[in-house]
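Engineer: Any chance you can model this:
(2 chains)
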2 protein chains.
Amino acid sequence: MKYSIGVDMGGTNTDMGLVSENGNIIQRRNIPTNAYTELEPYVRDMMREIQAMVEEQRVRDGEAVNLEGIGIGAPNGNFYTGCVDNAPNLTIKGNLDFGKEIHKYLSVPVVLSNDANAAAYGEYVYGGAKGMKHFIMFTLGTGVGSGIVVDGKLVHGSTGAAGELGHNILIPHGRKCSCGREGCLETYTSARGIVQTYCELKGCPVTPDVTSKMIGELAHQGDPVALKTWETVADQLGLAMANSVTFSAPEAIFLMGGPAQVGEPLLKPLRAAFEKYLLNIYAGSCQIRMSELRANEVAILGAAALLKMK
Amino acid sequence: MKYSIGVDMGGTNTDMGLVSENGNIIQRRNIPTNAYTELEPYVRDMMREIQAMVEEQRVRDGEAVNLEGIGIGAPNGNFYTGCVDNAPNLTIKGNLDFGKEIHKYLSVPVVLSNDANAAAYGEYVYGGAKGMKHFIMFTLGTGVGSGIVVDGKLVHGSTGAAGELGHNILIPHGRKCSCGREGCLETYTSARGIVQTYCELKGCPVTPDVTSKMIGELAHQGDPVALKTWETVADQLGLAMANSVTFSAPEAIFLMGGPAQVGEPLLKPLRAAFEKYLLNIYAGSCQIRMSELRANEVAILGAAALLKMK
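Structural biologist: Below is the predicted model:
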């Protein structure tokens, strides 16, 4: 039987999954990313877990495992170089050449990209974007990421770092962003940006007690400030999405990530804002849709999907 | 000898050129677009001129002309359908099926796209973008257009109308745009937008006497209001360009069109603004360049270049 490995490298944890040809995660393992400061021991332990999954699968199936390869979604992951370049939120520093390190253990294809690109490609191979030639994925979380598919291919650009729509400047001279500039989409529609908007509207200080999840729950209870927060976020995200349509005229824009789980308090005003801001020639040509992959599976499936790239 | 025909369909005039394989315009003809209200007589007269050029070339070369096809750059031109759909600034109304009409006269490939896409592709085939896989073209004129090349292919998107960066909303709730929305890039960096900025800074009414060309001349004479105008435009265009990099991480952004001819009063602050607004991960990876095609040739060459699309 044919399988692939998807690796979701996060700042805190690294989740690994053995994925079947039809997109089911058959086995899962994880190691704590932040326990490592060097690539060598990190990959050694990662490979130990991967090889254990492969071995277990061999026993279960009663036949040799046909392993298609290892796909990795990682912060600052570069598709062209196969490296992770100085990701600010990783404890393992430097230019990390995964392919080289992995090939000390296993001679299989290794494909790497950043996490949002991987999520977009996962949607394409296993999710709601199957068969679409043009779509965009926005991922809301600690930051805001994006992955763009044009003519059925993930857009990597000349450097490998295409698809950073979270750092589109939405409001000139707006909120200060961690990237050093001002007004990036991420400062408004990331979990932290949403919290900031809520606290501004509420007139309270930003404390760790206030989370986007809590603001979601308050909205479902009818809290007017929470509802207003989601409307504001929807307006900002709707504008950014409408702007992205002028680039590639996608069939759909997908949305995923923790804050997007709030559902209608965000989605209803988002669809209205998107329609309001969309250039008339695109009217009716592009839908906003939620990712069809499970939140706890998308990162592994997306990483595994990278191996399907032509 | 092998030739192609490039047709630049403007609201006022339709320019046609016979283009050699290496990108020289050998012959030119034109007809007044706005003298027509129906497609049939328009294409009849267009084909009369095209066939006259082909016949003259046959006589000149002393051998049959190998005609690759007819490429058309037109407002609202749709690559997929080969039609021009209700272009607001054309006197010929409706859904114009050029291929069908042209094939009554000549059985050659007909390729059609909007004028900015054609300009981008002309730069790729005959100009400064030769060999580039990822670049973006901004055209400044009555409006602001754009053409985007990703992985060596023009981006048409799902509808054929991709690459409308002139209608990216740059400043939320900004200037009223002809598209019915507010704050589009076009309202700031089109010829008209530039005039408006100058008049706002000068505190004078917008009259037909004030042109972007004149503001260019004033800037070269050191007029402080004109210089400030170009700095303002550069800041707005630089922001839009930096935002476009987050999409496709191009190697270069090309600039063309009348207002761009002003040169350094625009280009110098434009490069500074672009650098200021560019996300750090792209630093040094993308240049701003002027189109290398002559202003009076780019439209015909771009239209002819469409025939080279794979």
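Engineer: Distance from the helix or strand harbouring A:Leu237 to the middle of the chain?
Structural biologist: Take DSSP states H and E as the rule and A:Leu237 turns out to sit in helix A:224-248. How far helix A:224-248 lies from its chain's middle: 18 Å, per C-alpha atoms, centre = their mean, to the nearest Å.
Engineer: what about that helix and chain B, touching?
Structural biologist: Yes: using C-beta under 8 Å from any C-beta of the partner chain, we find that helix A:224-248 touches chain B at A:Leu239, A:Ala242, A:Asn243, A:Ser244, A:Thr246, A:Phe247, A:Ser248. The C-beta positions use only the backbone N, C-alpha and C, and glycine is treated the same way.
Engineer: what about that helix, average pLDDT?
Structural biologist: For helix A:224-248, mean pLDDT is 98.
Engineer: Run the angle between that helix and helix B:224-248 for me.
Structural biologist: 90 degrees (axes from the mean of the first three to the mean of the last three C-alpha atoms, to 10 degrees).
Engineer: Now do the buried residues in helix A:224-248.
Structural biologist: By 16 or more other C-beta atoms under 10 Å in any protein chain shown, the buried positions in helix A:224-248 come out as A:225-248.
Engineer: same question, stretch A:122-141
Structural biologist: Quick answer for stretch A:122-141 (16+ other C-beta under 10 Å): A:122-129, A:132-141.
Engineer: Ok, stretch A:5-24 next?
Structural biologist: For stretch A:5-24, by 16+ other C-beta under 10 Å, it's A:5-11, A:14-19, A:23.
Engineer: Figure out the length between the terminal residues of that stretch.
Structural biologist: For stretch A:5-24, the first and last residues are 11 Å from each other (C-alpha to C-alpha, to the nearest Å).
Engineer: Check stretch A:254-268 too.
Structural biologist: OK, stretch A:254-268 end separation, C-alpha to C-alpha: 15 Å.
Engineer: Give me the contacts around that stretch.
Structural biologist: With C-beta atoms under 8 Å, 6 or more residues apart in numbering or on different chains as the contact definition, stretch A:254-268 has outside contacts at A:119-120, A:123, A:127-129, A:135-141, A:189-191, A:194, A:212-213, A:215-216, A:219-220, A:226-227, A:230, A:233-234, A:237, A:270, A:288-291, A:293, A:295, A:298.
Engineer: among the residues you listed, which are in strands?
Structural biologist: A:Phe135, A:Ile136, A:Met137, A:Phe138, A:Thr139, A:Leu140, A:Ile288, A:Arg289, A:Met290 (DSSP state E).
Engineer: Reformat those as JSON lines; add pLDDT.
Structural biologist: Conversion of the ones in strands among the contacts of stretch A:254-268 to JSON lines gives the following (pLDDT from 0 to 100):
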{"residue": "A:Phe135", "pLDDT": "98"}
{"residue": "A:Ile136", "pLDDT": "98"}
{"residue": "A:Met137", "pLDDT": "98"}
{"residue": "A:Phe138", "pLDDT": "98"}
{"residue": "A:Thr139", "pLDDT": "95"}
{"residue": "A:Leu140", "pLDDT": "96"}
{"residue": "A:Ile288", "pLDDT": "98"}
{"residue": "A:Arg289", "pLDDT": "97"}
{"residue": "A:Met290", "pLDDT": "97"}
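Engineer: hang on, the earlier thing: how far off strand A:135-140 does the helix holding A:Leu237 point, in degrees?
Structural biologist: Using the same axes, to 10 degrees: helix A:224-248 against strand A:135-140 is 150 degrees.
Engineer: Would you tell me which residues of the stretch 51-200 of chain A are close to chain B?
Structural biologist: A:76, A:132-134, A:148, A:150-151, A:153, A:155-165, A:167-172, A:179-181.
Engineer: Please indicate which of those are buried?
Structural biologist: Among those, the ones that count as buried (16+ other C-beta under 10 Å) are A:76, A:132-134, A:148, A:150-151, A:153, A:155-165, A:167-171, A:179, A:181.
Engineer: Hmm, A:Val84 and A:Phe98 touching each other?
Structural biologist: Yes: counting by C-beta atoms under 8 Å, A:Phe98 touches A:Val84, with 7.0 Å between them.
Engineer: Now do the shared contacts for these two.
Structural biologist: In contact with both A:Phe98 and A:Val84: A:Ala74, A:Leu112, using C-beta under 8 Å, 6+ apart.
Engineer: check contacts around the nearest residue to A:Phe247 once chain neighbours are set aside.
Structural biologist: Of all residues not flanking A:Phe247 in the chain, B:Phe247 sits nearest, at 5.1 Å (C-beta to C-beta, 6 or more residues apart in numbering or on different chains). If you count contacts by C-beta under 8 Å, 6+ apart, B:Phe247 has them with A:Ile148, A:Val155, A:Ala162, A:Gly163, A:Leu165, A:Ser244, A:Phe247, A:Ser248.
Engineer: The closest residue to A:Met47 other than its chain neighbours - how many residues pack around it?
Structural biologist: Of all residues not flanking A:Met47 in the chain, A:Tyr105 sits nearest, at 4.3 Å (C-beta to C-beta, 6+ apart). Neighbours of A:Tyr105 under the rule other C-beta atoms under 10 Å in any protein chain shown: 15.
Engineer: Between the two ends of stretch A:245-258, how far is it?
Structural biologist: Termini of stretch A:245-258 sit 23 Å apart (C-alpha to C-alpha).
Engineer: same check, this time on stretch A:54-68
Structural biologist: First-to-last distance for stretch A:54-68 - C-alpha to C-alpha - comes to 12 Å.
Engineer: likewise stretch A:282-301?
Structural biologist: Span of stretch A:282-301 from end to end, C-alpha to C-alpha: 31 Å.
Engineer: Please spell out which residues along that stretch are buried.
Structural biologist: A:Tyr282, A:Ser285, A:Cys286, A:Ile288, A:Arg289, A:Ser291, A:Leu293, A:Glu297, A:Val298, A:Ala299, A:Ile300, A:Leu301.
Engineer: Contacts only, for the closest residue to A:Leu237 other than its chain neighbours.
Structural biologist: Excluding the flanking residues, the one nearest A:Leu237 by C-beta to C-beta, 6+ apart is A:Thr189, at 4.9 Å. Counting by C-beta under 8 Å, 6+ apart, A:Thr189 makes contact with A:Leu140, A:Val144, A:Val233, A:Gln236, A:Leu237, A:Ala240, A:Pro259.
Engineer: So what's the residue count around the second one?
Structural biologist: Taking other C-beta under 10 Å as the neighbour definition, A:Val144 ends up with a count of 27.
Engineer: which strand residues sit across from it in the sheet?
Structural biologist: A:Leu140 (DSSP bridges).
Engineer: Settle this for me: it is touching A:Ile194, isn't it.
Structural biologist: No: with contact defined as C-beta under 8 Å, A:Val144 does not count as touching A:Ile194 (10.5 Å).
Engineer: On the pLDDT front, check the residue nearest to A:Leu237 for me.
Structural biologist: For A:Thr189, the model assigns a pLDDT of 98.
Engineer: And A:His173, by the same measure?
Structural biologist: 95.
Engineer: again with A:Gly160
Structural biologist: Predicted confidence (pLDDT) for A:Gly160: 93.
Engineer: which one is the residue nearest the centre of chain A nearest to, not counting chain neighbours?
Structural biologist: With distances taken as C-alpha atoms, centre = their mean, A:Ala116 lies nearest the centre of chain A, 3.1 Å away. The shortest distance from A:Ala116 to any non-neighbouring residue, by C-beta to C-beta, 6+ apart, is to A:Gly145 (2.9 Å).
Engineer: Run a quick neighbour tally on the one you found.
Structural biologist: 27.
Engineer: could you point out where chain A is predicted with low confidence?
Structural biologist: Applying pLDDT under 70 to chain A flags no residue at all.
Engineer: mind giving me the domain split of it?
Structural biologist: A:2-119+A:297-308, A:132-290 (automatic domain parsing).
Engineer: could I get the ones you listed as CSV with distance to B:Pro88?
Structural biologist: Output for the domains of chain A, formatted as CSV (distance: least, C-beta to C-beta, whole Å):
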stretch, distance to B:Pro88
domain A:2-119+A:297-308, 37
domain A:132-290, 11
